[in-house]
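J.: okay, predicted coordinates and the sequence, questions at the end:
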Amino acid sequence: MSFDLTTRLVEVLRPTPNASHSQEQKLSSPDSACLQGTRRFVIKVILTWVSSSVLLQRKHVFYLSGFAGSGKSAIAQELCKRVQGEFRLVAQFFFVRGTKGGSEIGGLPNALAIQLAKAIPEATPLILAAVETNPDLASTGSKLALGDRLRALVYGPFETIVGRGSLIQKWTSYPYLIVIDGLDECEDKEGVREFLDCTLEFFKNKPFIPLRIFITSRGEEHIHSRLDRHGVRLEDLGDHDAREDIETFMQAAFDTYVNRDPVVQKYIETNGSWPSQSDARLLVEHVGRSFIFASAIFKFIFHGSGSEDDQLTPMDRLPLALNINSWLDALYLATLARSERIPHFHEVISTLALIKDPLPVPGIAELLGLPTYAVVRVLLNLQAIIRLPITDHIPVTFCHTSLRDFLTTEYRAGPFYARPTFHFHLFVGCFIVSLRDRRREKSLSQRSRQTAVAYSMKYEASHWREGQHIFGNQTDRSMIFNLCSQARKCPPLSESHAFYLDRLGISFIDIFKDGETIHILIQRIASLHREALAVRTSCGEGRASTLDNLGIALCMLFEGTGSIAAVEEAISLFRETRRLRPSPHPDLPISLNNLGSALYALFQRSGSIDDIIEAIEVHREALAIRSSPDVDRSLSLDSLANALHALYEHDGAISRVEEAIALYREALALHYTPSTLSNLGDALGSRGEHFRCISDHDEAISLLQSALALLDGYSLMARRWPLMNIGIAFYSRFRTSGSVEDVIQAIPYLRESLNLISSHHIYRHRALRYLIMSLQVLYEKQRSPVYLEEAIKYTRELLSQHYVVEHRHRGEWVGRLESLLQMMHFATDRVEGELKRCYNSV
């Protein structure tokens, strides 16, 4: 009966093959347990932990970390061999990147459940009952949370069984054990976190459950951060000297092959022992602590590179091996250097390092837009470290996954480093392949459709996520626009293509938002969003998102050029978005904030009181929705305060500044940012000038200088607004203190900010105004015409670029220009008179 139930369970769960230590080791990695006599101390530590009663040793999880090739998998296999039967091995799972099922977390509950049923037959009907109640539990691609599946298929049945009277007496004996090897080989990082969280939570709630879990992994952050806590035994293989174990391994390996190789035997008869003691010691030193490197060196000595041209004997190869550096990196560097001058080398190597699933040669070629022979040419000389299949349907793979680590670590790989920017190149390749498939191009072979198209559909979004924020140079940008041009030639576009066009536009905004915006480029960005909007005709969230993105691009165009038409269109788009997101839509505050910010920007140009009043109303509505502790409340507080401060500058009502200051302080308490700090300093300066309060001015300058200090290391463009506000704050303090020293300090800050603000930017006028007024004051104190000339130059710019006809401040500044010109006239006359008197006296 038990056999029938177990068979039924296997049929239902379909566990991942090759997941246990008893797999066919020559066909599936990892391929060896520990050599007898090696890793004795580490294994003793683990066995002591395994065999301790949970009443005495309540650290249920043992985490063994170490670098690639340090022997973690061998230890895991050795542990399984040792405890099977004796310590009640329940289950084991060996993750192997790039293998079907072996790199996916979804198959873990199924595999563990099957093995649990075999180890403890009483669990079988419990597991079957759970699956019959909810069939989704059996699906490795289930939408159910991984933790729910683990609890239902593994932890729950185990808890039920050990809680029964027949097993109570075993609580103080050896616990049961689950072994999870190579957790870092699992490509689903979020799934790994969920597995660890679920496991630790289970043991937290059941501290006396007689179960232990042994986990091996490289010390990757997403794993280590979850396991570095109370209740987990941490052990790093790097803390254990492996020299003696390496010596034992090398001696055993040499003895085995010498006994099989008649050429080496004859050499020893003639020349004595081989290798010599000095060579053996040097070889161990070169190998260091890596068993995988020891194995690679050993294979090189006895088998060479595998090339037919390699006619060297093991005795010839030993000196070559001794010249290789003591770590795998040297082997990789030496091998890769053979092909680095071959065309497309870096594209092919970076693709192999960054792709999510291995691809055959035709798939790699299609993704890169290369002929197949070009990929083969790169790989031919790399077969010592990369497996190049003899047929086109088998994927290209690394001989060991440590090569991927090497290629994705800059300080190790040097010129062979696969830069994260290449993810975007892979996204472009995926996108173009999917477009070509959509057009049914004949040049896309059937085999490519089965590999590159399938890969593109599965991982297009993944490469987008990892590459979207890392655009390097103008070449990358040109590639994006070329991609968009290709997309437009492929009607009708799908919703996914609309998504990418939309996101490409956002990414370009990210590139230029802190720089001098080129209005033609921003118009091209806006055109991407218009393309996406043309696809998204239905009144759904996709359309609302694109409306927002197009509106943001148009606001940037307005900020850079002062185009009223652009900001008015943006306001219209934001109003539509607001209608598409009625309360209680979670993104309604975003739409309100965008609308309020656009109205605020328009007020800066138009001076219309209606615009700023509506902006304040909209921001108040958003703030009411974002009640504390909403993480985005600080944004609404800051935006509302900005609008109130702007209205104060229009009508002089000090209550608006008082409210703005309170809002800024609340925003800083929630999220301490340089921009809010700078805005608070600006508002305090306004209040200080209104009440002639030096303490407000002093606090304003202190806050603004702190904001500037926080931006050390950021782009110069990020510093332009704090620089401007510091200059304004010093001038405002001068208005209260009358100290010309404040004006002298204001001028350099205002000059530097102007050098960073584009000539057409809508907020440049503030820096211009305060610099002109500061220069005029300094002239009146020192009577140097140089200050007048600079003030006149900037006043002319202010009137021609910003305070144009019908602007509310134009009359005031035309009058100031006339005054400055009269001062220059009198100054010039005075200088000419002084020169004449000097000449006559001579």
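T.: Thanks, I have it. Numbering: from 1, shown residues only.
J.: contacts and neighbour counts: CA atoms only from here.
T.: OK.
J.: which stretches of the stretch 601-750 of the chain form helices?
T.: Read by DSSP state H, counting those that start in this stretch, the stretch 601-750 of the chain holds these helices, from start to end of the chain: 609-625, 633-651, 654-670, 674-691, 694-710, 720-737, 740-756.
J.: of all those helices, which one is nearest residue 265?
T.: Proximity of those to residue 265 was assessed by CA to CA; the nearest stretch is helix 694-710, lying at 70.6 Å.
J.: buried residues in the closest one, which are they?
T.: Of all the residues in helix 694-710, those buried under the rule 16 or more other CA atoms under 10 Å are 694, 696-708.
J.: tell me which two of those sit farthest apart.
T.: Greatest spacing in the buried residues of helix 694-710, by CA to CA: 694 and 708 (21.2 Å).
J.: just to revisit the earlier point, dump the helices of the stretch 601-750 of the chain into CSV; add mean pLDDT as well.
T.: Written out in CSV, the entries for the helices of the stretch 601-750 of the chain read as follows (pLDDT from 0 to 100):
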stretch, mean pLDDT
helix 609-625, 95
helix 633-651, 94
helix 654-670, 95
helix 674-691, 93
helix 694-710, 94
helix 720-737, 94
helix 740-756, 94
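J.: in a markdown table, list those along with distance to residue 116.
T.: Rendered in a markdown table, the data for these read as follows (distance: least, CA to CA, whole Å):
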| stretch | distance to residue 116 |
| --- | --- |
| helix 609-625 | 50 |
| helix 633-651 | 49 |
| helix 654-670 | 49 |
| helix 674-691 | 56 |
| helix 694-710 | 55 |
| helix 720-737 | 63 |
| helix 740-756 | 66 |
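J.: quick one: closest of the ones you listed to residue 463.
T.: Using CA to CA, the nearest of the helices of the stretch 601-750 of the chain to residue 463 is helix 633-651, at 30.2 Å.
J.: report all helices and strands that the closest one contacts.
T.: Taking 3 or more CA pairs under 8 Å, 6 or more residues apart in numbering; DSSP states H and E as contact, the helices and strands that helix 633-651 lies on are helix 588-606, helix 609-625, helix 654-670, helix 674-691.
J.: so which of those helices is nearest residue 250?
T.: Of all these, it is helix 674-691 that lies closest to residue 250, at 59.2 Å by CA to CA.
J.: quick one: buried residues of that closest one?
T.: Applying a neighbour-count criterion of 16+ other CA under 10 Å, one finds 674-690 buried in helix 674-691.
J.: got it, and stretch 734-751?
T.: In terms of neighbour count (16+ other CA under 10 Å), stretch 734-751 has its buried residues at 734-737, 740, 742-751.
J.: same deal with stretch 609-622?
T.: By neighbour count on 16+ other CA under 10 Å, the buried set for stretch 609-622 is 611, 612, 613, 614, 615, 616, 618, 619, 620, 621, 622.
J.: any idea how far it is from the chain center?
T.: Its chain's C-alpha centre lies 36 Å from the corresponding centre of stretch 609-622 when counted by CA atoms, centre = their mean, to the nearest Å.
J.: likewise stretch 255-267?
T.: Taking the mean C-alpha point of stretch 255-267 and that of its whole chain, the gap between them comes to 52 Å (CA atoms, centre = their mean).
J.: so what touches that stretch?
T.: Applying CA atoms under 8 Å, 6 or more residues apart in numbering, the external contacts of stretch 255-267 come out as 302, 314, 315.
J.: list only buried entries from these.
T.: With neighbours counted using 16+ other CA under 10 Å, the contacts of stretch 255-267 contain these buried positions: 302, 314.
J.: out of the contacts of stretch 255-267, list just those in helices.
T.: Counting by DSSP state H, the members of the contacts of stretch 255-267 that fall within helices are 302, 314, 315.
J.: residue 263: neighbouring residues, count only.
T.: By other CA atoms under 10 Å, 12 other residues sit near residue 263.
J.: tell me the secondary structure for it?
T.: Remark: residue 263 carries the secondary structure label helix [criterion: DSSP: H, G, I helix; E, B strand; the rest coil].
J.: do you know how far it is from residue 302?
T.: With distances taken as CA to CA, to the nearest Å, residue 263 is found 11 Å from residue 302.
J.: cool, and residue 340?
T.: Taking CA to CA as the measure, residue 340 and residue 302 are separated by 27 Å.
J.: and residue 810, by the same measure?
T.: Using CA to CA, one obtains 88 Å as the distance from residue 810 to residue 302.
J.: that older thread, closest to residue 372 out of the buried residues of stretch 734-751?
T.: The closest of the buried residues of stretch 734-751 to residue 372 turns out to be residue 751 (CA to CA; 57.5 Å).
J.: which residues touch that closest one?
T.: Applying CA under 8 Å, 6+ apart, the residues near residue 751 are residue 771.
J.: give me the element residue 203 is part of.
T.: With elements taken from DSSP states H and E, the one containing residue 203 is helix 189-205.
J.: over to residue 91?
T.: The secondary structure element spanning residue 91 is strand 89-94 (assigned by DSSP H and E).
J.: and for residue 574?
T.: The secondary structure element spanning residue 574 is helix 564-580 (assigned by DSSP H and E).
J.: now that helix against helix 588-606, angle please.
T.: The directions of helix 564-580 and helix 588-606 differ by 160 degrees, with axes from the mean of the first three to the mean of the last three CA atoms, to 10 degrees as the criterion.
J.: now helix 564-580: buried residues?
T.: Along helix 564-580, the positions that meet the burial threshold by neighbour count (16+ other CA under 10 Å) are 564, 566-571, 573-578, 580.
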